[in-house]
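Q: With the sequence up front, the predicted model follows.
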Amino acid sequence: MKLHIRSINPADGSLVWEGPAASVPDIEHAAARARRALADWSSRTFEERAGVLRRFAEVLEDKSEELAILIAQEIGKPLWEARTEVSAMAGKVEISISAHETRCHEFPGGKARTRFRPHGVLVVLGPYNFPGHLPNGHICPALLAGNVVLFKPSDLAPATADFTCSCWLEAGLPGEVLQLVQGGPETAENLVGHAEVDGVLFTGSARTGKLLARRFAETPGKVLALEMGGNNPLIVDSGHIGDLSAAATVTLHSAFLSAGQRCTCARRLILVESGSSGPFLDELLQQAAALVVDDPFADPQPFMGPLASPDFPARILQAQQKLLDSGGHGLLQARSLRPGTGFLTPAVLDVGQVRNLPDEEVFGPLLQLIRVPDLEEAVRSANRTRYGLASGILTDDDPRFEYAFARLRAGIINRNVPLTGASSAAPFGGIGDSGNLRPSAFFAADYCSYPVASISSATCQAPAPLPG
């Protein structure tokens, strides 16, 4: 008997989607279909494949509101934010085309000529926090390069994936070129271990990413692209900020946008103490306490909806209690708003006295405050992590920014804007436990194909005789 997966609306507990998880025979069948489809899809011209992607973008635009509503229902994002996700999905098409033409364009080098080939059958493992946009960031460049894709979405967001794949079919993509494989961790395990799979493109936790890295250690010929989040620091250089209210708002957007469920969210607020640090903190706490947490379809629209699962608030509250028990001080404590749902208020905890502060990504609206005496210690504190995805500093002082930029260790370093502001037209990825040095977004083109260098001649040419 097949296992079923159920998608639950985290705002009210209602059923959004239900369906069977893929069995081992289902995976065998999908992999075989994908391998058979590879020859035709990869032999099409780049322009043909780009044409299908552009039609997909048109279908998304036509159905943008329908998909946004579904994302809001399934994951709990406010409708305004779900709309921005769908817009980013459509915008990814032209960015992917531009990236491929820039990064993977055929070029000469001396007597050689370099061209690019697809890897073959790629698995895309999607996360729940951006169930449309983040898998799309792998799928578009992978298809454009000539790969075929087996897509296993998060088991929290099967409906969004099902709808997205239907849009690809409507755009004219052959069904066997992108196949949806629904299921949970067991399905993912069976899928990535299949002999026909030539690579895995993953966005998710460091724990799962490391499991994949160990799984692929004996198969270096298979491509593995990992994006694994971070324990991201935001330095607030309070004595060198003119508008403390704006700085507080930037901090809130860094920490609590998407209910803290972005891999670039600020987890650690590193406050450089000065005469302005007290007023800044007062403003931050006042703004945080006033944030509206409500139903994704409420009018007016809330800043935060529920977390993506009714089970998630308990995890955040448990992490909060652990920090408090270890010496932390609750400046603003998270609390569950509606039992049995994903609704949770944001938290700001002073963890300066916490014993053995854990270097972990708490994936939710929990911001940890660390006070430091100067910028030098702020940078040292920011780098005190095994991760390295996003980092940032709020300061009006150019030399102090340059000092921090030169020393912060992260793949994304922002100044005076939220950490959550990442561009698809730039590389996206981190170092340390945040990834395996295969950045996505604009650089996703790099891991979706491999270069083939060749020296050729129209006729056979004997090498020059060796001396002597």
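A: All right, it came through fine. A quick note: this is a predicted structure, and the numbers were derived from the prediction, not measured.
Q: Ranking helices and strands of the chain by mean pLDDT, which lands last?
A: Every helix and strand in the chain was compared by mean pLDDT, DSSP states H and E; the lowest is strand 107-109, with a mean of 86.
Q: Quick check: neighbours of that one in the sheet, parallel or antiparallel?
A: In the sheet, strand 107-109 lines up against strand 112-118 (antiparallel) (DSSP bridges).
Q: circling back to that earlier point, which residues sit against the least confident helix or strand of the chain?
A: Around strand 107-109, the neighbours that count as contacts under C-beta atoms under 8 Å, 6 or more residues apart in numbering are Arg113, Thr114, Ala453. The way it works is simple: take the backbone N, C-alpha and C, and place the C-beta from them, glycine included.
Q: and of these, the nearest to Leu60?
A: Proximity of those to Leu60 (C-beta to C-beta) peaks at Thr114, which lies at 33.3 Å.
Q: contacting residues around that closest one?
A: Counting by C-beta under 8 Å, 6+ apart, Thr114 makes contact with Glu106, Phe107, Pro108, Pro451, Val452, Ala453, Ser454.
Q: Could I get the contacts of strand 107-109 in JSON lines, plus columns for distance to Ala404 and pLDDT?
A: Conversion of the contacts of strand 107-109 to JSON lines gives the following (distance: C-beta to C-beta, whole Å; pLDDT from 0 to 100):
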{"residue": "Arg113", "distance to Ala404": "44", "pLDDT": "92"}
{"residue": "Thr114", "distance to Ala404": "38", "pLDDT": "93"}
{"residue": "Ala453", "distance to Ala404": "40", "pLDDT": "94"}
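Q: can I get those residues in JSON lines with distance to Phe46?
A: Listed next are the contacts of strand 107-109 as JSON lines, based on distance: C-beta to C-beta, whole Å:
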{"residue": "Arg113", "distance to Phe46": "16"}
{"residue": "Thr114", "distance to Phe46": "15"}
{"residue": "Ala453", "distance to Phe46": "19"}
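Q: What about Leu349? Give its phi and psi, please.
A: Dihedral pair for Leu349: phi -120, psi 130, per degrees, to the nearest 10.
Q: mind checking pLDDT for the closest residue to it other than its chain neighbours?
A: Of all residues beyond its chain neighbours, the one nearest Leu349 is Gly328 (4.8 Å), with distances taken as C-beta to C-beta, 6 or more residues apart in numbering. Predicted confidence (pLDDT) for Gly328: 97.
Q: Give me the number of neighbouring residues for Gln287.
A: Gln287 has 15 neighbours, counted by other C-beta atoms under 10 Å.
Q: Am I right that it is in a helix?
A: Yes: with DSSP: H, G, I helix; E, B strand; the rest coil as the criterion, Gln287 is part of a helix.
Q: surely it meets Val250?
A: No: look at Gln287 against Val250 with C-beta atoms under 8 Å: they stay out of range, at 10.5 Å.
Q: Can you show me the strands along the stretch 251-400 of the chain?
A: Here the stretch 251-400 of the chain has its strands, by DSSP state E, counting those that start in this stretch, at 266-272, 329-332, 347-350, 366-372, 390-394.
Q: any idea which of those strands is most buried?
A: Highest mean neighbour count of the strands of the stretch 251-400 of the chain: strand 390-394, a mean of 29 (counted as mean count of other C-beta atoms under 10 Å).
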